[in-house]
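**Q** A structural model of the following input is requested.
(2 chains)
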Amino acid sequence: MSENILAVQSVDVRLSGRTILDQVSFDVAPGEFTGLIGSNGAGKTTLFRVILGLQSASAGDVLIAGRSRARGHQRVGFVPQKFLLDPDLPLRARDLVGLGLDAHRLGVPRPSRVRRALIEEMLEAVDAGRFADTRVGRLSGGEQQRILIAHALIARPRLLLLDEPLANLDLRSAHEVVALLAKITREQEIAVLISAHEINPLIGVMDRIVYLASGRAVSGTTDEVVRADVLSKLYGHHVDVLNVHGRVLIVAGAGEDTDLAGHEVAFPDTEIVS
Amino acid sequence: MSHFLTPVFAPGFFQSEAVHIALGVGTLVAIATGTVGVFTVMRGQSFAGEAFGDIGTTGGSGAFLVGVGPLWGFVVGNLLAAAAMETIGIQRTRGRDLATGIVLGASIGLAALFLYLTTTEQSTTGATVTILFGSAFAIAGSTVPLILLLSLLVLGLILVLYRPLLLATVSPEMAAARGIPVRTIGILYLLALALAAALAAITIGSILGTALLVGPAASALRLTKRPLIAMLTAAGMGIGAMWLGVVLAYDSYEWPPVGHGWPVSFFVVTLVLVLYLLSGLPARRHRRGSDDPYSASPTLHAVPESR
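**A** The predicted structure follows:
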């Protein structure tokens, strides 16, 4: 068995009496693309904070490359949720990428050919060369995501965590970002753990899925997890999984006593076919 | 000096020790405030600068009352204020403006009492004017070494903290994920801001200090998209405003009412305002052209932002 880059082992998080995460366990192997799917409030952000060492678990453990996590792990890159940069922020896209390289060091950055070449290479890798000299806050959502991904990747992590990177993107930008991430995973052997409340943009690229609902998780391949019986058990009530033109639709309460022809109540987390 | 410069530099300008001190202190303080100011504006914390102005007034007037140099009062007052701000978590929560407003009001009230006691004791209003509005010509030569030390300390702090502070300013979350001690960095930055505000207060007065702290920085940030260039530009603008202010104030002895110079602080603050207004001009033209390479609007090619 190859060593997992990330092992989440029976993690519990309780905050002021509320259970946020309940016995969450899953593994991420090197170079694997894992989707962390769940609605708002399912515990995705908390799980990321635990993996990053910013939130301590009430029970359980998180191992990164076989070792107990430490705050600010050099092997873990992170792209936070709902990132809105001030349009007037005096920072070019390339400067933010450069900060990914050495923000933990003191002093002002010393310009060097090596540093510039590394930044340039990373900008090319995320296809951001065209807007490298624009203020980051003035870029579109998709462009900002690319820059944030480059910022996280330039430190050469082995695991990249992205918290809802597709949330504010239009469908086309979302697909571009997903394709970019899939390419990086393949080419650079970097494991990706990406959270999303919609499963569909990720469905073709995920090696594994971790499905989170009210603090509990099931993980496996998409075929193992996205099934009516598995998700019904996780949610604690009956759900149906429908395939519509290659898209997955997860609907609640469409059991025997519910009229399917009537209006279905989709979970707020799932995408209704668009 | 050549006589044709006499209309600009009134006789005695280059011989006056007060002028030397004003120019030297102005330079040091402009460098320190310009450097910190860029982060203050980026972090949206000019309110903290204002708070230091109010509490500095109390510290400075208290210093006058007990008979020590006002700079000590500004420094001690601002450091206490910084500790209080950190305790109530002002950097993290912006919803504390009510409590802050009340405390600041009380602080100015205390300053009023201190200044009243001082003026009745010395039967002069000099202290009030010096504390509130400053006088670059009245800075004692003996405080210059302390001003130099504090300016270097502020400049050093900001340059040493530069990278982690910049990332923490852009996103505290991303900084924390990188293992940067965001809170410690924030406290050290607040310390630099407190000292810079004290330096601004001794130069142009506690009430007007914020102008020097955020004015040149805000102007510089309109002109460049690189923080380090913004710091250099802000320091340059601050030095320009200070020097021109000193020259004009010196010249104003010849203006009505003859024999009574106009306050340096008035000129400095006015020049800072002029710089701010002027710095908006290229930005406005720029907005029409747009900085965005994908903008569909026809581009009349705007002045490129300085690189």
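**Q** what residues does chain A put near chain B?
**A** Proximity of chain A to chain B (C-beta under 8 Å from any C-beta of the partner chain) is limited to residues A:52, A:54, A:70-74, A:76, A:78-80, A:83, A:85, A:88-92, A:95-96, A:99, A:102-109, A:130-131, A:133-135, A:138, A:140, A:148, A:151, A:155. All C-beta spots, glycine's among them, are computed from the backbone N, C-alpha and C.
**Q** again, only this time at 6 Å
**A** Chain A comes close to chain B at residues A:52, A:54, A:71-72, A:78, A:80, A:90, A:92, A:99, A:103-106, A:108, A:135, A:138, as judged by C-beta under 6 Å from any C-beta of the partner chain.
**Q** so what's the residue of the stretch 151-274 of chain A found nearest chain B scoring on pLDDT?
**A** Nearest to chain B, among the residues of the stretch 151-274 of chain A, is residue A:151, at 7.5 Å (C-beta to the nearest C-beta). Here, the pLDDT recorded for residue A:151 equals 92.
**Q** leaving out chain neighbours, which residue sits closest to it?
**A** Nearest residue to residue A:151 in three dimensions, chain neighbours excluded: residue A:100, at 3.7 Å (C-beta to C-beta, 6 or more residues apart in numbering or on different chains).
**Q** with residue B:136 instead?
**A** Counting by C-beta to C-beta, 6+ apart, residue B:22 is the residue found nearest to residue B:136 once chain neighbours are left out, at 3.9 Å.
**Q** so which elements touch the helix or strand where that neighbour lies?
**A** Taking DSSP states H and E as the criterion, residue B:22 maps to helix B:17-42. Under the contact criterion of 3 or more C-beta pairs under 6 Å, 6 or more residues apart in numbering or on different chains; DSSP states H and E, helix B:17-42 touches helix B:144-170, helix B:182-204, helix B:209-223, helix B:227-251.
**Q** pick the most deeply packed of these.
**A** Taking mean count of other C-beta atoms under 10 Å in any protein chain shown as the contact definition, the stretch among those with the greatest mean neighbour count is helix B:209-223, which reaches a mean of 27.
**Q** report whether that helix contacts chain A.
**A** Yes. For helix B:209-223, a contact with chain A is found by C-beta under 6 Å from any C-beta, at residue B:221.
**Q** list the helices and strands that helix packs on?
**A** helix B:17-42, helix B:46-66, helix B:182-204, helix B:227-251, helix B:264-289.
**Q** quick one: contacts of the fourth one?
**A** Right, the one you point to is helix B:227-251. Outside of helix B:227-251, the residues within contact range by C-beta atoms under 6 Å, 6 or more residues apart in numbering or on different chains are A:90, B:10, B:13, B:22-23, B:26-27, B:30-31, B:34-35, B:37-38, B:216-217, B:219-221, B:224, B:261-262, B:264, B:267-268, B:271-272, B:275.
**Q** ok, the second one next?
**A** By C-beta under 6 Å, 6+ apart, the list of residues contacting helix B:46-66 from outside reads B:40, B:70, B:72-74, B:76-78, B:81, B:104, B:107-108, B:110-111, B:114-115, B:117-118, B:127, B:131, B:194, B:197, B:201, B:206-207, B:209-210, B:213-214.
**Q** buried ones among these?
**A** Among the contacts of helix B:46-66, those that count as buried by neighbour count (16 or more other C-beta atoms under 10 Å in any protein chain shown) are B:40, B:70, B:72-74, B:76-78, B:81, B:104, B:107-108, B:110-111, B:114-115, B:118, B:127, B:131, B:194, B:197, B:201, B:206-207, B:209-210, B:213-214.
**Q** in the stretch 101-250 of chain A, what residue is nearest chain B?
**A** Sorted by distance to chain B under C-beta to the nearest C-beta, the residues of the stretch 101-250 of chain A start with residue A:103, at 4.0 Å.
**Q** residues in contact with the nearest residue to that residue once chain neighbours are set aside?
**A** Distance criterion C-beta to C-beta, 6+ apart; nearest residue to residue A:103, sequence neighbours excluded, is residue B:167 at 4.0 Å. For residue B:167, the contacting residues are A:99, A:103, B:175, taking C-beta under 6 Å, 6+ apart as the criterion.
**Q** let me know the pLDDT of residue B:167.
**A** Per-residue confidence (pLDDT) for residue B:167: 94.
**Q** distance of residue A:162 relative to residue A:225?
**A** In this structure, residue A:162 lies at 19 Å from residue A:225, with C-beta to C-beta, to the nearest Å as the measure.
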